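In: Just to be clear, the model below is a prediction. Sequence and coordinates:
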Amino acid sequence: MPGSSGRNKNSSPQNLKSTFDRISVSAPPGPLVVINKYNNDMQVKSIYRFARISAFKAREVTREIQGLPATDALDLLRFTPKKAALLVTKTLKSAIANAENNNNLNASTLVVKEAVVGEGATFKRSQPKARGSAGPIRKRTSHIRIILTDEIEIKRREPAAKTKKPRARKAAAKPAPVAAAETETSAPAADSKD
């Protein structure tokens, strides 16, 4: 083999380039950046850990705000008279701030994609009971997680058109007592004629 330098025939630079072209791998210069073409929505999350409320009580509030625009969810929470509403409001405001400052998103386009409450650690205490025994006290905590996205389209509820239904008039029921009153007044008049 004249001109052979002892290496494999397929390892020449031209052959390697053609091999890469066949498997269609071309790396851009610089760091490798992975772009997901299929799921390009922006999600922002905020987590309030070890909130001093039971998960059962906090879930009642988070159920109400799922799927709402972030601004509407804040308005709803503002008028909810529960301790959990204050904690969820704090978490939601943090998520909105994260979206605006870290991801340059507009707060008016954000929607609450997920509002989840998980159980946290339970602080165990005891209360003295009769005859020297102790009863358990469980101080429950929870983790409140809110995920906002700008991919879901905001759908506002249209106020329902108020249609007046015809009501049964009370006037139809009133003539009976009026007629009874007239018969009472006519009865004494008949007695006076006698």
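Out: Perfect, I can see it now.

In: Where does the prediction get shaky in the protein?
Out: For the chain, the stretches with pLDDT under 70 are 1-41, 156-157, 160, 165, 168-194.

In: let's go with 50 and repeat that
Out: 19-20, 22-38 (pLDDT under 50).

In: And the next helix or strand past the lengthiest strand in it?
Out: Counting by DSSP state E, the longest strand found in the chain is strand 111-128. Counting by DSSP states H and E, the next helix or strand C-terminal to strand 111-128 is strand 134-149.

In: Buried ones in that following strand, by neighbour count?
Out: Arg140, Thr141, Ser142, His143, Ile144, Arg145, Ile146, Ile147, Leu148, Thr149 (16 or more other Cβ atoms under 10 Å). C-beta here means a position set from N, CA and C on the backbone, and glycine is covered the same way.

In: Can I get the residues you listed in CSV including distance to Glu158?
Out: Below are the buried residues of strand 134-149 laid out as CSV (distance: Cβ to Cβ, whole Å):
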residue, distance to Glu158
Arg140, 40
Thr141, 40
Ser142, 35
His143, 36
Ile144, 31
Arg145, 31
Ile146, 26
Ile147, 27
Leu148, 24
Thr149, 23
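
In: For the protein, just list every one of the helices.
Out: 13-23, 55-65, 70-78, 83-102, 175-193 (DSSP state H).

In: circling back to that earlier point, next, the angle from the longest strand of the chain to strand 134-149.
Out: Strand 111-128 and strand 134-149 are oriented at 170 degrees to each other (axes from the mean of the first three to the mean of the last three Cα atoms, to 10 degrees).

In: in strand 111-128, what's buried?
Out: In strand 111-128, counting by 16+ other Cβ under 10 Å, buried: Val111, Val112, Lys113, Ala115, Val117, Gly120.

In: likewise stretch 58-73?
Out: Neighbour-count burial for stretch 58-73 [16+ other Cβ under 10 Å]: Ala58, Arg59, Val61, Thr62, Glu64, Ile65, Leu68, Pro69, Ala70, Asp72, Ala73.
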